[in-house]
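Colleague: Got a predicted model here, sequence first, then my questions.
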Amino acid sequence: MAERQFNVILLGENALLKEGLVRVLKSTYFTVVSSHSFSDDESVLSVLPRESEVLLVVDASDDFDAAISRIEPFKLNYPNGRVAVLVGRHQFHTAGMISAFHSGASAYLMNCTMLETLIKSLELVILGETIVPPAMLTYLLNRSRSCSDRRRYDRNGQDINENDNEHDQEENGYGEENDDAIKTVSSDEEGKCSPHLSARQTAILRCLIEGDSNKVIARKMKIADAT
């Protein structure tokens, strides 16, 4: 990365974690301009000019809902801003990750991540990349495989997944943009699998696990980077 400084706003309830991040980021490209808790007024997210390329690092390990609720106001204040969500081990699940990304997050990271990995991840976020923990990608892929092994049949013995797969292929056809990267079809309590991934989504997950960039994946899938 070029030697330029990026402004960072820290948000969360864990004062020790925030202080640690301030000290760690001092020797990097990032400059912490403010640090706040969820109880502070939302105006603290407007400490910089609207056009600033600021990074919000929000610790969701203590209060996930409060953390996620602050993402949209931040994005409204800073259209060019990026958001990295830090979560605990108990929040390592697809529902939380999907909620974070739907709210506008650019990264979903474990708060026990190695410092070097964390810093590199934040640098990629600033460059416009989306970061998902490799372990989460593996988890999603394994769940997808498990779902594909559980076939569903109607009263006549017809495989009713065939229509679902055809629908997925039409929605996720090459060259078409699709914002629903992960579709939840049922709950675990009902004994069914969630999430359900199409063939193309599964292929993209494999590329992500292998470390391919967005451009490489787009080239392999014959789709646009934006898709």
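Modeller: Everything's here; your move. Values in this document were obtained by computation on a predicted structure and should not be read as measured data. Numbers count the residues shown, from 1 in each chain.
Colleague: Tally up the residues packed near the residue nearest to residue 138 when sequence neighbours are not counted, please.
Modeller: Of all residues not flanking residue 138 in the chain, residue 209 sits nearest, at 6.1 Å (C-beta to C-beta, 6 or more residues apart in numbering). C-betas here are computed from N, CA, C, even on glycine. Neighbour count of residue 209, defined by other C-beta atoms under 10 Å: 16.
Colleague: Equivalent analysis for residue 61, please.
Modeller: 20.
Colleague: Now do the same contact list for it.
Modeller: Residue 61 makes contact with 12, 14, 17, 86, 87, 88, 91, 111, according to C-beta atoms under 8 Å, 6 or more residues apart in numbering.
Colleague: Buried subset of these, written for PyMOL?
Modeller: For anyone working in PyMOL, the buried entries among those, judged by 16 or more other C-beta atoms under 10 Å, can be selected with:
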select buried, resi 12+14+17+86+87+91+111
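Colleague: Going through the contacts of residue 61, which one is the model least confident about?
Modeller: The lowest pLDDT within the contacts of residue 61 belongs to residue 91, with 73.
Colleague: which residues sit in contact with it?
Modeller: Residue 91 makes contact with 60, 61, 64, according to C-beta under 8 Å, 6+ apart.
Colleague: how far away is it from residue 5?
Modeller: 30 Å (C-beta to C-beta, to the nearest Å).
Colleague: now residue 211
Modeller: 28 Å.
Colleague: so the residue nearest to residue 138 makes contact with residue 142?
Modeller: No: contact between residue 209 and residue 142 fails when scored by C-beta atoms under 8 Å: they sit 10.7 Å apart.
Colleague: returning to what we had before: next step: the contacts of residue 61 restricted to strands.
Modeller: 86, 87 (DSSP state E).
Colleague: got CSV for the contacts of residue 61, with distance to residue 39 too?
Modeller: Below are those laid out as CSV (distance: C-beta to C-beta, whole Å):
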residue, distance to residue 39
12, 11
14, 13
17, 16
86, 18
87, 20
88, 20
91, 20
111, 20
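Colleague: For this protein, which segments count as helices?
Modeller: For the chain, the helices defined by DSSP state H cover 15-25, 64-69, 71-77, 94-103, 115-126, 134-149, 161-171, 199-209, 214-221.
Colleague: what comes up buried for the fifth one?
Modeller: Neighbour-count burial for helix 115-126 flags 118, 119, 121, 122, 123, 124, 125, 126 (criterion: 16+ other C-beta under 10 Å).
Colleague: Ok, the shortest one next?
Modeller: Taking 16+ other C-beta under 10 Å as the basis for neighbour counts, the residues of helix 64-69 that come out buried are 64, 66, 67, 68.
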